[in-house]
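1. structure of the sequence below:
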Amino acid sequence: MTLRRKALTLRWLTLLVLFGLVEALPRAGLVRPATLEPASVILGRLGEIIVTGSIPSPYFARTGSPTLASHASATLGSILMSYAGAVVVGTAGGVLLWRVPLLARILQPYLVVYYAVPLFALYPLFILLFGVGFVPIVLLGFCFAVVVVMVNTALGFRRVDEEVYPKVGRSLGLGPAQMYLSIYLPAAAPYVFSGWKLGFAYSTISVVASEFLISVRGLGHVIDRSYRNFETANMYAAILLVIIGVMVANAVLTRLERQLYRRRG
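-> Predicted coordinates:
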């Protein structure tokens, strides 16, 4: 059995064990239904929400927002907007930090402690400036993701400088643009893509968490209100939907990365 097949087998076994525990603990009465529903109930509720396209909840029916599409589109739109901004600004900023070492030295202490700062504490300021809704959520998602993209991009380009590839490019007489496109970008791609994948995860975390606080739409809002109304199955179904979405996005980015490597040989 190859290492890849072993890892895949262990991954599925871990998932089955987790499923069995989540199923058995509530059934045995070791966990209250208000805390955890059986896995079969959660999966059944998720299937019901997807098939019917609505959330079976008196609260969401009363507020006029019971459809899954309205909440999923709000979350997805916020994630894509914040992530796109983080990729564009973070990648360009990472290249700038690589090209201007003095700027990198000036910003290094701030970048190191960036995630020690409670960014969510800024949401009252964003609400005062932009109001409740789409804009502050997107800004929080952008702020949470942009630095990890920037740092990974700068690190990747610096590592290329330590390799032999730039020397080979200069010996072949490549110009600055050719060096960038043919040497630095392909060699730094693993670091850049790692930053992009982490950035998507960070954008998702920030957007969903922001929807807990400052939104009346979105999957984060569904999770929060389901928790407050003791609709445990709805809460875990929404959490599972977010997890599935992140896994699909990560698989798409990984596939894109592999295709790029194949084209570059």
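2. quick one: residues contacting Gly218.
-> Applying Cβ atoms under 8 Å, 6 or more residues apart in numbering to Gly218 gives the contacts 71, 74-75, 78, 137, 207-208, 211. Backbone N, C-alpha and C define where each C-beta goes, glycine included.
3. quick one: pLDDT of it?
-> pLDDT recorded at Gly218 is 89.
4. likewise the one 4 residues further on?
-> pLDDT recorded at Val222 is 92.
5. for it, which non-adjacent residue is closest in space?
-> Leaving aside its sequence neighbours, Val222 sits nearest to Ala238 (Cβ to Cβ, 6 or more residues apart in numbering; 4.5 Å).
6. and what of Tyr115?
-> Nearest to Tyr115 is Val147, by Cβ to Cβ, 6+ apart, at 7.4 Å.
7. you'd agree Pro26 is in a helix?
-> Yes. Counting by DSSP: H, G, I helix; E, B strand; the rest coil, Pro26 is located in a helix.
8. and the closest residue to it other than its chain neighbours, how many neighbours?
-> Leaving out its chain neighbours, the residue that sits closest to Pro26 by Cβ to Cβ, 6+ apart is Pro38, at 4.8 Å. Neighbour count for Pro38, taken as other Cβ atoms under 10 Å: 18.
9. what bits of this protein have low per-residue confidence?
-> Counting by pLDDT under 70, the low-confidence segments of the chain come to 1, 119-120, 263-265.
10. nearest residue to the middle of this protein?
-> Ala201 (1.7 Å; Cα atoms, centre = their mean).
11. where's that residue, which helix or strand?
-> Taking DSSP states H and E as the criterion, Ala201 maps to helix 185-214.
12. didn't Ile55 look like it was pressed against Ala69?
-> No. When contacts are counted by Cβ atoms under 8 Å, Ile55 is not listed as touching Ala69 (10.7 Å).
13. can you pull the contacts of Tyr184?
-> Residues in contact with Tyr184 (Cβ under 8 Å, 6+ apart) are 157, 160, 165-166.
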